[in-house]
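*Asks:* this is the structure alone, sequence omitted:
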DNA sequence: AAACTGAGTTTCATATATTGGAACCAAAAA
DNA sequence: TTTTTGGTTCCAATATATGAAACTCAGTTT
């Protein structure tokens, strides 16, 4: 399912290792047995064992005794609630996203950049209301999505370079940009234009137009996109919506600025 | 806002401490300055400092340089996505919750028990569709909510005892049960009846009826509730919906059982 | 039954990371 | 300028984490 470049964080301390393990469990997307994790070769048996114990104790993992397997724990959901509420743009952007979605009747996404990847923090689907967490919290590739490219286009050189190293450049469709070179060229175009398209680069049949959400100082803090399907629309038709979307992005930016502007990428790699 | 008994997890190792700090940040519900955390008196300056650094490095916290404050990081949202998807009842229960909500046109909650507190994992609000994360991931008290009591009623003695020690028994309204004694009496009634009510015990004007979701072995794995307001309904009216709700709970239970049954409470306190 | 797996758990001497008091620094306040 | 406040860094003492190897305890095989 996921073709993201696996980010192996330079381990800082025991905590770093524990969180690595957490990631390993979360990434698999289904309950994992000890053996499988061990097979990852990341940690020696005893160490892995104790890390798992600790995490389980702490409710960060849940151990299913019957199946002898680990899954991410509910404590994460609790913590994430806080994170989402106070560190994401979502609560603040909600009314604007709502307005936009109901005005144009297409799916709207709100995303932020997280260690080089796209993190969807909210979604509004015009026809079928809810879709919850099934999208919020979901991670996607940056190099081949509208929101991703819209955000990458506004990173400064250092951050962009770092972000690029994280891209897998896996070819999802034959429109996917598969080299840093192609991508950077595209990013220039996006910066010139002010917004990005996704021309079936991630999934065939799916297109979108995406706008960065920029602070006054032109720092990207997120992006919004309007998605549709080739069967129903064209990129040109989506482009006609540009003004409304741009407007929404601006509103969100303005509001965000007056409240807070969270750091997105931690700067030093240790 | 929150009146939950603060769970001070018996620290295991550095990881435990780090997660404690995470909790401290998350609990505040707004960006925290170093000083405030230090004032908590939980950790000496240098130690706290380094824990914060590590967590920030790891993306579990986000540091806002301008305001010099910490907030829960986006990595949590990413991780929680996994947790929610694979460890909660939500994905599985979704269709049934949807059906129930649209059939009866009232707000439906799906909750699980997390270290003695209620963790809302999904919500369907009939009239105003989405409400997202604003509820999923939210934690509430167990002793004075319908879902909470419905779940407590089916815990075995040991787990119940443990859960009770976590309740704050804060008096939210004058219907709130404020002692373990009152609560256990109520729980007996609930077990006898098969479902619980919330008679304005948490918020004035808000009432609900809640059903536990039980495995064949009678282990609680969650609860669903239908909420309304006294201005519009009565408990008696809600009770009329009992069969439909029970049915939904049973469906969810059946489905859950055939897939997986995650542990909810980690057993040993170390 | 006896011998063998394979998966998970525990031990223990060692290396290492964590600790926290105190010193330090920078910016704001007096 | 001097103080205070709030945050960062040092460093020796010490607690912790480490991981190879030994050990369980099923469930197999032979």
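*Replies:* That came through fine. Treat the numbers as computed from the prediction; the structure is a model and nothing was measured.

*Asks:* can you tell me the helix or strand for the nearest residue to residue A:109 once chain neighbours are set aside?
*Replies:* Using CB to CB, 6 or more residues apart in numbering or on different chains and skipping the chain neighbours, the partner closest in space to residue A:109 is residue A:225 (4.8 Å). For every residue, glycine as well, the C-beta is placed using N, CA and C. Using DSSP states H and E, residue A:225 sits within strand A:220-229.

*Asks:* what of residue A:169?
*Replies:* Short version, using DSSP H and E: residue A:169 is in no helix or strand.

*Asks:* go ahead and confirm it touches residue A:143.
*Replies:* Yes: if you go by CB atoms under 8 Å, residue A:169 and residue A:143 touch, sitting 6.2 Å apart.

*Asks:* of those two, who's got more company?
*Replies:* Between residue A:169 and residue A:143, residue A:143 has the larger neighbour count (other CB atoms under 10 Å in any protein chain shown), namely 30 against 17.

*Asks:* residues touching the lengthiest helix in chain A, excluding its own?
*Replies:* Counting by DSSP state H, the longest helix found in chain A is helix A:242-259. Residues from elsewhere that reach helix A:242-259 (CB atoms under 8 Å, 6 or more residues apart in numbering or on different chains): A:89, A:92-93, A:96-97, A:99-100, A:103-104, A:194-195, A:209, A:211-216, A:221-224, A:226.

*Asks:* buried subset of these?
*Replies:* Buried subset of those (neighbour count, 16 or more other CB atoms under 10 Å in any protein chain shown): A:89, A:92-93, A:96-97, A:99-100, A:104, A:195, A:209, A:211-214, A:221-224, A:226.

*Asks:* quick one: average confidence on the longest helix of chain A?
*Replies:* On average, the pLDDT along helix A:242-259 is 92.

*Asks:* run the chain-centre distance for it.
*Replies:* Helix A:242-259 sits 19 Å away from the centroid of its parent chain (CA atoms, centre = their mean, to the nearest Å).

*Asks:* got any ranges where the stretch 1-150 of chain A has weak pLDDT?
*Replies:* For the stretch 1-150 of chain A, the stretches with pLDDT under 70 are A:1-11, A:126-135.

*Asks:* change it to 80
*Replies:* Flagging of the stretch 1-150 of chain A using pLDDT under 80 yields the residue ranges A:1-12, A:41, A:66, A:125-136.

*Asks:* follow-up on the earlier one: list the buried ones in the longest helix of chain A?
*Replies:* A:245, A:248-249, A:251-253, A:256-257.

*Asks:* ditto for stretch A:103-114
*Replies:* Neighbour-count burial for stretch A:103-114 [16+ other CB under 10 Å]: A:104, A:106-114.

*Asks:* pull the number of nearby residues for the residue nearest to residue A:109.
*Replies:* Other residues within reach of residue A:225, judged by other CB under 10 Å, total 30.

*Asks:* where along chain A do the strands fall?
*Replies:* A:61-64, A:69-72, A:107-114, A:117-124, A:139-140, A:196-199, A:206-214, A:220-229 (DSSP state E).

*Asks:* now the common contact residues for residue A:169 and residue A:143.
*Replies:* Counting by CB under 8 Å, 6+ apart, the contacts common to residue A:169 and residue A:143 are A:177, A:183.

*Asks:* which residues does residue A:83 contact?
*Replies:* By CB under 8 Å, 6+ apart, the contact list for residue A:83 reads B:26, B:71-74, B:76-77, B:80.

*Asks:* what's the farthest-apart pair in these?
*Replies:* B:71 and B:80 (15.1 Å; CB to CB).

*Asks:* could you check how far the residue nearest the centre of chain A is from DNA strand C?
*Replies:* The residue lying closest to the centre of chain A (CA atoms, centre = their mean) is residue A:119, at 1.6 Å. Using CB to the nearest atom of the strand, to the nearest Å, residue A:119 is found at 27 Å from DNA strand C.

*Asks:* what do you get for residue A:179?
*Replies:* 37 Å.

*Asks:* how many neighbours does that residue have?
*Replies:* Counted with other CB under 10 Å, the neighbours of residue A:179 add up to 11.
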